[in-house]
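1. Below is the sequence, then the predicted model.
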Amino acid sequence: MPVTPHNAQRPYRGVFPVAPTIFDERGELDLEGQRRCIDFMIDAGSNGICILANFSEQFVLTDAERESVMHAVLEHVAGRVPVIVTTTHFSSAVCAARSKQAEAAGAAMVMVMPPYHGATFRVPEKGIVEFFRVLSGAINIPIMIQDAPVAGTPLSVELLARLARDFSNIRYFKIEVAGAASKLRSLIEAGGKDIEGPWDGEEAITLMADLDAGATGAMTGGGYPDGIRQIIDPYFAGDREKAKAAYERWLPLINYENRQCGLIACKAMMQAGGVIKSDAVRHPLQPLHPATKAGLLELAKERDALALRWGK
Ligand SMILES: O=C(O)C(=O)C[C@@H](O)CO
């Protein structure tokens, strides 16, 4: 494995939120806004950042736009924090090519879902293993398997542990399926030292249980890394009671993001605080109802989320 500045920081730990892709009101990429969004996320305490994920609306971007966003972000971050690039694609070859590109551009890691298309196109376990063999052989940086319901592909603990054992760069696992904490616990038991990063996801809705199960990282939405740090910092410092109190404080906002807003929440917060000019999502995604947005911003304000003050 080549020694890069990022490798020195391994194992990656902490909060690595997903950065939204920023659009202007016409739905065009707003790269200037993208850079401000990234600066806010770093100022708010992100230990790293993930781009081009589902919460980045990766499914509404052209390949050329993916590349623009990736290069703009990696150049702008310039090593301040590690950046994970999502390179999910059904095709083993396309996913491998995207991942090679990400590695060459300076990504610290790639995040990938198992191959799926729509609600029903899947491959059997043999195909999943071969897909990850191709991907693993194409790059040297670590791979995070995103175990999420959106892929509609059950990944057993045994399969994940086997992938970690057989492929030396498959090292991170973001578990965001039902029963995440139990799965994390079983995966850590089954995979031992090969499980370098057992991570929590899904907006931190199960963060406390996942930390108790051994999670070392959280991939949240991008709106309030400062709030998530208030939970994980004391937890990792051994003060579970303080972490629990912070989790209880932030949970109404986490819940509101998870259940009412989804990927738009962070954009709405960033726009309200002057981080970005527009919280537009790309059509046919729909904007938040004004009342839903008001509910979100009320909860964020009550918790003094940095996003609401950063750009003012
Ligand atoms: O964007 C994704 O793919 C996600 O899974 C988002 C999630 O990690 C935010 O908590």
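-> Looks like it arrived, so ask away. Just so we're clear, the structure is a prediction, and the values are computed from it rather than from any experiment. Numbers count the residues shown, from 1 in each chain.
2. Just read off the phi/psi values of Pro198.
-> Main-chain dihedrals, Pro198, degrees, to the nearest 10: phi -80, psi 110.
3. For it, which non-adjacent residue is closest in space?
-> Among residues not flanking Pro198 along the chain, Leu184 sits closest, at 4.9 Å (C-beta to C-beta, 6 or more residues apart in numbering). C-beta coordinates here come from the backbone N, C-alpha and C atoms, glycine included.
4. check which helix or strand covers the one you found.
-> helix 180-191 (DSSP states H and E).
5. How far does that helix sit from its chain's centre?
-> 19 Å (C-alpha atoms, centre = their mean, to the nearest Å).
6. can you pull the contacts of Arg36?
-> Going by C-beta atoms under 8 Å, 6 or more residues apart in numbering, Arg36 touches 275-276, 311.
7. The residue nearest to Pro198 against Ala213, yeah?
-> Yes. Contact status for Leu184 versus Ala213: in contact at 4.3 Å, counting by C-beta atoms under 8 Å.
8. all strands for the stretch 51-200 of the chain, in order.
-> In the stretch 51-200 of the chain, the strands defined using DSSP state E, counting those that start in this stretch lie at 83-86, 109-112, 143-147, 170-175, 197-200.
9. Kindly reformat these as JSON lines containing distance to the ligand and mean pLDDT.
-> Shown next, in JSON lines, are the strands of the stretch 51-200 of the chain (distance: least, C-beta to the nearest ligand atom, whole Å; pLDDT from 0 to 100):
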{"stretch": "strand 83-86", "distance to the ligand": "7", "mean pLDDT": "98"}
{"stretch": "strand 109-112", "distance to the ligand": "8", "mean pLDDT": "98"}
{"stretch": "strand 143-147", "distance to the ligand": "6", "mean pLDDT": "98"}
{"stretch": "strand 170-175", "distance to the ligand": "7", "mean pLDDT": "98"}
{"stretch": "strand 197-200", "distance to the ligand": "9", "mean pLDDT": "98"}
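10. need those in CSV with mean neighbour count, can you?
-> Shown next, in CSV, are those (neighbours: other C-beta atoms under 10 Å):
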stretch, mean neighbour count
strand 83-86, 27
strand 109-112, 27
strand 143-147, 25
strand 170-175, 26
strand 197-200, 24
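11. so can I have CSV of those showing distance to Gly227?
-> CSV is the format used below for the strands of the stretch 51-200 of the chain (distance: least, C-beta to C-beta, whole Å):
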stretch, distance to Gly227
strand 83-86, 20
strand 109-112, 22
strand 143-147, 23
strand 170-175, 19
strand 197-200, 14
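12. out of those, which comes closest to Leu306?
-> Leu306 sits nearest to strand 83-86 of all the strands of the stretch 51-200 of the chain, at 20.3 Å, using C-beta to C-beta.
13. And that closest one, how far out from the chain middle?
-> For strand 83-86, the separation from the chain centroid amounts to 8 Å (computed by C-alpha atoms, centre = their mean).
14. cool, and stretch 184-198?
-> Relative to its parent chain, stretch 184-198 has a centroid offset of 19 Å by C-alpha atoms, centre = their mean.
15. buried sites along it?
-> Of all the residues in stretch 184-198, those buried under the rule 16 or more other C-beta atoms under 10 Å are 184-188, 190-191, 194-198.
16. Pull the contacting residues for Met41.
-> 17, 19, 49, 222, 225.
17. Filter those down to the ones in strands?
-> Ile49 (DSSP state E).
18. Widest-spaced pair of the contacts of Met41?
-> Farthest apart among these by C-beta to C-beta are Ala19 and Pro225. That separation is 10.4 Å.
19. Mutual contacts of Leu184 and Ala213, please.
-> Common neighbours of Leu184 and Ala213, using C-beta under 8 Å, 6+ apart, are Pro198.
20. can I get the contacts of Met41 in JSON lines with neighbour count and pLDDT?
-> JSON lines is the format used below for the contacts of Met41 (neighbours: other C-beta atoms under 10 Å; pLDDT from 0 to 100):
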{"residue": "Pro17", "neighbour count": "27", "pLDDT": "98"}
{"residue": "Ala19", "neighbour count": "27", "pLDDT": "99"}
{"residue": "Ile49", "neighbour count": "26", "pLDDT": "98"}
{"residue": "Gly222", "neighbour count": "29", "pLDDT": "98"}
{"residue": "Pro225", "neighbour count": "29", "pLDDT": "98"}
